[in-house]
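J.: Any chance you can model this:
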Amino acid sequence: MRALNPDQLRTFIEVVELGSFTAAAKRLNLSQPAVSLQVRELEARCGVQLLDRASKKPLPTEAGVQMLRHANRILSENDEALTAMQLLRNQSGQQVRIGMTMTTLTYLARDVVRRLKRDYPQLQLSVALSSSDRLADDIRSHVLDLALVSLPLADVNLAVHPFLEDLVSAIVPEDYFTPTPKVATPALMASAPFVTQNVGDVQTTLADKWFKSNGQTPLGYVEMHSLEACRAAVAAGLGISIVPGIMAAHPMPGVMVLPLDPPIKRQIALIELHGRPSNPVIDLVRAALLHCEIAPHPLPCVHKGRRAGAIDIRPA
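T.: Reported below is the predicted structural model:
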């Protein structure tokens with residue numbers, strides 16, 4: 001049996017609801033013979049009689065009652081599909097503004113951004129690079145639609161989608177310690193200047209909590225403008241530091257990577273404004289970002305598949 005014709009189904013529904021071929025023809029802007037023909041063709045396709053024409057107005061037979069139920073469902077799905085496609089077509093040139101840290105773009109989201117640009121050339125994708133706290137502020141201010149950040153965030157009115165757990169690693173200059181340690185303990189890390197990208201950022205906050213919880217204090221701070229600069233400073237022997245596991249997966253000459261003991265875990269999450277209306281283009285970008293491919297890592301510090309539902313962070 002061939003597929004059902006949506007136009008014939010719609011005509012059948014109108015005839016039943018209006019109780020008249022003539023009234024259905026008027027509503028559908030068709031001739032009365034055209035309406036009668038569509039119903040007969042639908043009956044022929046199904047092989048059953050759908051309307052009882054013996055009375056003054058056409059009434060659905062038992063088969064017609066069942067067909068009416070299916071027809072309404074089929075046309076509802078059909079209309080929803082057409083509406084969704086129309087919306088996508090109208091918004092194919094829409095700008096989607098996403099934010100992330102430089103480290104996240106370089107080591108986690110770069111390939112996803114490239115694929116989005118390649119597969120959806122009409123999509124106007126803009127990327128802002130900043131700290132996690134500033135990205136959260138930009139989401140709240142409607143400057144950005146989506147952002148990839150490190151948790152925790154002291155913020156409200158955000159829908160938070162954690163999707164990756166990352167074990168932070170220590171980086172030290174090669175041959176800096178003798179003998180070469182197998183792990184980086186708080187006492188070991190406190191014996192040298194600590195290189196940080198900004199006092200007060202996520203990296204420093206995690207490190208300070210780690211040091212204090214183990215009764216240690218860094219020898220001092222060497223402040224740089226980025227994690228890449230921190231790694232270069234460590235390679236130059238200016239001190240030691242910690243970096244995300246996704247970054248430690250890419251070795252740099254002159255730098256040795258050590259696991260922290262006790263470990264420091266951080267979560268990477270996608271954030272957006274709570275209560276944002278559904279948008280198919282933003283939905284597409286969100287889904288792509290939540291499935292970033294994780295680069296191979298020489299240490300067991302990146303955990304795949306730690307995806308969870310959205311967590312609403314709102315005022316009580």
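J.: My guess is L238 contacts V195. True?
T.: Yes: using CB atoms under 8 Å, L238 is in contact with V195, at 6.2 Å. Every C-beta, even on glycine, is put in place using the N, C-alpha and C of the backbone.
J.: So which of those two has more stuff around it?
T.: Legend: neighbour count by other CB atoms under 10 Å for L238 and V195, higher for V195 (27 against 16).
J.: what's next to the strand or helix carrying the more buried one, contact-wise?
T.: According to DSSP states H and E, V195 maps onto strand 194-196. In this structure, residues lying in contact with strand 194-196 by CB atoms under 8 Å, 6 or more residues apart in numbering are 203-204, 207, 218-224, 230, 233-234, 238-241.
J.: which among the residues you listed end up buried?
T.: 203-204, 207, 218, 222, 224, 230, 233-234, 238-241 (16 or more other CB atoms under 10 Å).
J.: Mind checking which of the contacts of strand 194-196 are in helices?
T.: The helices, defined by DSSP state H, take in 203-204, 207, 230, 233-234 from the contacts of strand 194-196.
J.: Okay, buried residues for the helix or strand hosting K212 please.
T.: Take DSSP H and E as the rule and K212 turns out to sit in helix 202-213. Buried residues in helix 202-213, counted by 16+ other CB under 10 Å: 202-204, 206-208, 210-211.
J.: and those residues as JSON lines, adding distance to I246 and pLDDT?
T.: Shown next, in JSON lines, are those (distance: CB to CB, whole Å; pLDDT from 0 to 100):
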{"residue": "V202", "distance to I246": "14", "pLDDT": "72"}
{"residue": "Q203", "distance to I246": "13", "pLDDT": "76"}
{"residue": "T204", "distance to I246": "18", "pLDDT": "79"}
{"residue": "L206", "distance to I246": "15", "pLDDT": "86"}
{"residue": "A207", "distance to I246": "17", "pLDDT": "88"}
{"residue": "D208", "distance to I246": "22", "pLDDT": "88"}
{"residue": "W210", "distance to I246": "19", "pLDDT": "93"}
{"residue": "F211", "distance to I246": "23", "pLDDT": "93"}
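J.: of all those residues, which two lie farthest apart?
T.: V202 and F211 (15.0 Å; CB to CB).
J.: Break down the chain into its strands, ranges please.
T.: 51-52, 59-60, 95-100, 124-129, 146-151, 158-167, 169-173, 194-196, 221-223, 241-243, 255-259, 265-273, 302-303, 311-313 (DSSP state E).
J.: and the longest one with strand 265-273, angle?
T.: What that stands for is strand 158-167. Inter-element angle recorded for strand 158-167 and strand 265-273: 160 degrees (by axes from the mean of the first three to the mean of the last three CA atoms, to 10 degrees).
J.: and strand 158-167, what does it pack onto?
T.: For strand 158-167, the elements it packs on are helix 132-140, helix 245-248, strand 265-273, strand 302-303, strand 311-313, judged by 3 or more CB pairs under 8 Å, 6 or more residues apart in numbering; DSSP states H and E.
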